[in-house]
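> Structure, please.
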Amino acid sequence: MNQIKTLTLVCFSFFLAVFSLHGQTKFIQGYVMDENSGDPLPFAHIVLENTGFGTVSNREGYFRYNLPENINFPVKVSVSFVGYANMHMKIDDTRPRIFNLKPEDAVLSEIVVEADFVIELLENTFNKIAENYPDDDSRYKGFYRQTIYKHDTVVYMGEAFIDSYKSSYKRPVMDSQIEILKFRKFTSLPNYEDSIKFYGGVFNTYLADYVKLKAHFLNPRFFDKFDYTYEKKISYAGEMNYKIDFEHTETDAGGTILINENGLAITNIYFETIDSVYTESFFRGFSSANVNYAKLDGKYYLNNYDIKIHYVNILTGEKFVFNAVYAVSEAFLNDASPIPYRKTAKYRDIFMDSPVDTSSTFWENYNIIEDDTQIKSFTSKYEPDPPAVKTNLLRNLPGLLENFSFQVGAGNTWTSNYLYPNELIAYEHSDSETEKARYVYDDKPVNNLLFSMSYNITRLLSVNYNFAMNFFSKDSYIGHELSCLYKARIKHYGNPMFIDGGLGFSSFTYKKHPEFEKRSQTYPFIFRSEDIYYAGIEGRAYFLEAQLTYFPERFIGVALSAKLAYIAEYSWFYKHNEDRIHDHTYRAFNIHHENIFFKDRLKPSVSIGIRFHPFGAF
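Numbering: from 1, shown residues only. Below you'll find the predicted structure:
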C-alpha cells in the first residue's frame, strides 16, 4: 500500500515539475513522508546544508524551493522533523524526490528524575540564550500565510513574503520592523469588512518567538507558576532533545519544550491555552502555537511556526479557525541593518484590506509554503471581487482614526526685547508728543500649556495643529500653530525613538498686564488698576521645528520639541477703561522698534509633552 502511495506521489510530482515551473530553471522539490506509514509530514524543515536557505513542507508533505542565483546544482539537502532521524540527500536536478524519514523511538529516562533536575535544566537553558541565539542584529526573509476556516472550509486567505529585522536575543523586546515585499488575499466572506479582522498577523514573527521574548514558562522568575515534568528524550534535527512538559498552575495553559541535549538550546516549543475572551460578536476559545528553531553557524533562530486560534460567532453559532503559518527561506544572522522606517509595516495593517491577484505566476520569484489541496481548491474557484460598494463613514471610521495622535504638555516661549511691548507711555490729550508718565514692563519668558493633534498623511509625513495657552500668570498668551513634519526612526531596537522635523506657521496674541506696585511714582494716578487693562502684541510667524519622541509603550510617547520662529508681522495694542480716562492718551511702545534686525525677530521655544496614539504608533 505504501509503495502504491509513493508511486502515485512520484508520478504526480513529475507532472507538477512540467506544468508548474513558474519560469524557474533552478529549484528543488519533493515530498516528506513517514517511512513506516507513508503519511505526509507537514512543516518538516528542508534546508540547504551549511546555509540559511530553506523552506518547510505543506500539510501534504510537499515542498518546492527556488535556488538562489549564486547556488547551482548539485546541492546537499537536509530534512528534519520532530521525533524523526534527519535525512540527507544530494540533488542535482529539478526532479521531485521522496524523503522517507525514519521515526526514532523516544529514549526513556533510566533514572527517576527529581523536580530540582528539571528546574536546574531550565535555568541553565535560560542562562545560555545569549550564547545559543544571535548576539547580533539579524534579518530574515520568509513567507507568511493566514487562513480562516469556517466549519473546516476555507473562506479567507491572505499571504505575504516579508523581510523582518530582529535585534540581538540579549534584548527581550519586540523589535517591530517588518517590510511586506509582496502580498495578496482571497475571500469569500460576505461583507468581510464587518467580519473578523486580525491585526498584527505578520508580527507573529516576533510574538511567537518565545525565546527572544523570554516567555514566562522559560523565565526562572515565573517557574513557581508552572509544573514541569520530564520523562524522555526525542530526536530532532539530528540530535537528542530533552522533552519537558509544563502546565500553568492557575489556568489551562501548557505545552512542551524541546531542549538540545548537547548545547542546551531550545529547538521546539508547543504552547496551547484556552482563552475566555469575548468581543461584541465573537468568543475566542482554544489556541495553539508550534514554533521551531533551526541552527546556522552555531546559532539558533526562529525558523517556522504554525498558530491556530478557534473562534465562535456568539450570534450565529458558526465556528471559525484562524491559522497563521510562517517559514524562513533566507536567514542572515550577522551585521544585519535595520529596515528603513518608510518601508516598515504597521502593527494594525490588515491583510483583509490587501489587493487580490489570482495570477498563477504571482509568486514566481519567491519561495513560499506550497498550497495544499484545500487551498488550491479555494483559490481556483475564486472570482475577483465584485465592484466596490460605497461604505458608510461609520465603517471607515477606525481606519481614519488610527492616523490621529494627541499630545498634552507644557512649554516655554522667550519674548523678544525688540518686538514685544516693554513700555506703556501716557501723553496729555492736548499734546500727544509730551510724555507725562511711563510704565516699564519686565521682559520674561512665557510658560504655556500645550494641546496638540496630529494626522499622519503617510508613514513619514504628518500634519500637526498645536494650541498654546498661558495658565500660569495674569499675562495671557494664546498661540495657534500648523506644521508639516517629516519622521525618521533613530532607535531601531527595543523601545523605539523617532525624530520629526519640518516647517510651520503660527499666529499668536500676547497680552501683558501691568504690575501696579511698580507703576509710575511721579504720576501714580495715571496707571491705576481700574484704568489700564493690558498692553500686547499680535503677530504671525514662520518656524522650524524639531521633535524627539521616545515610546516606552506602543500607545504612549514622551515628546521633546524645540522651535525657532521668525516673526514676520506684528502690531502693538493696549486696552484701557474709556469711562475713566479723560485727560491722557496711552500708547504701547518698544524702545528698540526703530532698528529691528533679522535676529531680533527670532523667537525660540521649547516644550515637553505626552503623546497618545489610540491605535498604536508603529
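> for the stretch 1-150 of the chain, what spans make up the helices?
Assigned by DSSP state H, counting those that start in this stretch, the helices in the stretch 1-150 of the chain fall at 2-19, 115-127, 129-132.
> tell me the mean pLDDT over the first one?
So that's helix 2-19. Average pLDDT, helix 2-19: 45.
> In this structure, which strand is the longest?
strand 556-576 (DSSP state E).
> List the buried residues of it.
557-559, 561, 563, 565, 567, 570, 572, 574, 576 (16 or more other Cβ atoms under 10 Å). Every C-beta, even on glycine, is put in place using the N, C-alpha and C of the backbone.
> with those residues in mind, which one is nearest to residue 158?
Nearest to residue 158 among the buried residues of strand 556-576, counting by Cβ to Cβ, is residue 557 at 29.8 Å.
> Show me where the stretch 351-500 of the chain has its strands.
Assigned by DSSP state E, counting those that start in this stretch, the stretch 351-500 of the chain shows strands spanning 404-413, 423-428, 431-440, 446-456, 461-469, 476-491, 497-512.
> among those, which gets the worst mean confidence?
strand 431-440 (a mean of 56).
> residues in contact with the nearest residue to residue 30 once chain neighbours are set aside?
What sits nearest to residue 30 in space, not counting adjacent residues and going by Cβ to Cβ, 6 or more residues apart in numbering, is residue 97, at 3.7 Å. Residues near residue 97 by Cβ atoms under 8 Å, 6 or more residues apart in numbering: 28-31, 89, 91.
> returning to what we had before: of all the strands of the stretch 351-500 of the chain, which one comes closest to residue 125?
strand 476-491 (30.1 Å).
> what's around residue 342, how many residues?
13 (other Cβ atoms under 10 Å).
> Check residue 606 too.
Considering only other Cβ under 10 Å, residue 606 is surrounded by 14 other residues.
> Was I right to think it contacts residue 561?
Yes - between residue 606 and residue 561 there is a contact under Cβ atoms under 8 Å: 6.9 Å.
> Give the residues shared as contacts by these two.
With Cβ under 8 Å, 6+ apart, residue 606 and residue 561 have common neighbours residue 411.
> For the stretch 51-200 of the chain, which segments count as strands?
Counting by DSSP E, counting those that start in this stretch, the strands of the stretch 51-200 of the chain are 54-56, 62-66, 75-80, 87-91, 97-101, 107-108, 138-150, 153-166, 177-187.
> and those, which is most packed in?
For the strands of the stretch 51-200 of the chain, the largest average neighbour count (mean count of other Cβ atoms under 10 Å) is found in strand 54-56, namely a mean of 27.
> Could you name the helices and strands sitting against it?
strand 45-48, strand 62-66, strand 299-313, strand 319-332 (3 or more Cβ pairs under 8 Å, 6 or more residues apart in numbering; DSSP states H and E).
> what would the ones you listed look like in TSV with distance to residue 262 and mean pLDDT?
Shown next, in TSV, are the helices and strands packed on strand 54-56 (distance: least, Cβ to Cβ, whole Å; pLDDT from 0 to 100):
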stretch	distance to residue 262	mean pLDDT
strand 45-48	19	96
strand 62-66	28	96
strand 299-313	12	92
strand 319-332	21	94
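> can you list the residues that contact stretch 307-327?
43, 54-56, 142-152, 196, 198, 201, 204-205, 208, 278, 281-290, 303-306, 369.
> So which bits of it are buried?
Buried, per 16+ other Cβ under 10 Å, within stretch 307-327: 307-311, 320-327.
> Kindly report the same for stretch 261-271.
Buried residues in stretch 261-271, counted by 16+ other Cβ under 10 Å: 264-271.
> Extract the CA atoms of it and return them as PDB.
Provided in PDB are the C-alpha atoms of stretch 261-271 (Å, rounded to 0.1, in the frame of the first residue of the first chain):
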ATOM      1  CA  GLU A 261      21.000  17.700  24.900                       C
ATOM      2  CA  ASN A 262      24.400  19.000  24.000                       C
ATOM      3  CA  GLY A 263      24.100  22.800  23.800                       C
ATOM      4  CA  LEU A 264      21.000  23.300  25.900                       C
ATOM      5  CA  ALA A 265      19.300  25.300  23.200                       C
ATOM      6  CA  ILE A 266      15.600  25.400  22.800                       C
ATOM      7  CA  THR A 267      14.700  23.800  19.500                       C
ATOM      8  CA  ASN A 268      10.900  23.500  19.600                       C
ATOM      9  CA  ILE A 269       8.100  24.900  21.700                       C
ATOM     10  CA  TYR A 270       4.500  23.800  21.600                       C
ATOM     11  CA  PHE A 271       2.100  26.000  23.600                       C
END
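> any idea of the mean pLDDT in that stretch?
96.
> Would you confirm that residue 471 contacts residue 449?
Yes - counting by Cβ under 8 Å, residue 471 does reach residue 449; the two are 5.3 Å apart.
> Look at the two and report which has more neighbours.
residue 449 (16 against 10).
> Show the contacting residues for residue 118.
By Cβ under 8 Å, 6+ apart, the neighbours of residue 118 are 228-230, 244.
> what do you get for residue 33?
Here residue 33 is in contact with 6, 9, 39-41, 61, 98-101 (Cβ under 8 Å, 6+ apart).
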